[in-house]
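*Asks:* sequence unknown, structure follows:
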């Protein structure tokens, strides 16, 4: 059974950085994405990357602060988050899509991790 395991969340002060990791068991997926759910809000798209890592997508509000990368040899995708703001506080979820769309749409992703909490203090 495929499992996605996120790590790297935690408490950080505003302006700080965190790197989230997501390790996929058993296989490498063509598309990997990150989503987040802030308290009281719906889950939203953060970033996605294709298999060769030559194409990425980001939520407009996060461009320039977040980057996504992957290491296919390790079946792992990363989310580097810089200049964090209190509004980045959320549970961050990793998602995997066997297809190559690296979509912004949740329904494209067949597999999901349990999430990792990120808290940004002001």
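*Replies:* Arrived safely, thanks for sending. These numbers come from a predicted model, not from an experiment. Numbering: from 1, shown residues only.

*Asks:* Hmm, residue 50 is touching residue 33, no?
*Replies:* No - Residue 50 lies out of contact with residue 33 (CB atoms under 8 Å); the separation is 10.3 Å. C-beta: built from backbone N, CA, C; applies to glycine.

*Asks:* list residues touching both of the two?
*Replies:* residue 102 (CB atoms under 8 Å, 6 or more residues apart in numbering).

*Asks:* Between those two, point out the one with more neighbours.
*Replies:* residue 33 (30 against 17; other CB atoms under 10 Å).

*Asks:* gap between that one and residue 79?
*Replies:* Between residue 33 and residue 79 the distance is 10 Å, computed by CB to CB, to the nearest Å.

*Asks:* One more: residue 20?
*Replies:* 4 Å.

*Asks:* Now do the same contact list for residue 122.
*Replies:* 14, 86.

*Asks:* Please read the previous query as pertaining to residue 92.
*Replies:* 6, 9, 20, 34-36, 46, 79, 115-118.

*Asks:* Please check these and keep the buried ones.
*Replies:* The neighbour count (16 or more other CB atoms under 10 Å) marks 6, 9, 20, 34-36, 46, 79, 115-116, 118 as buried among the contacts of residue 92.
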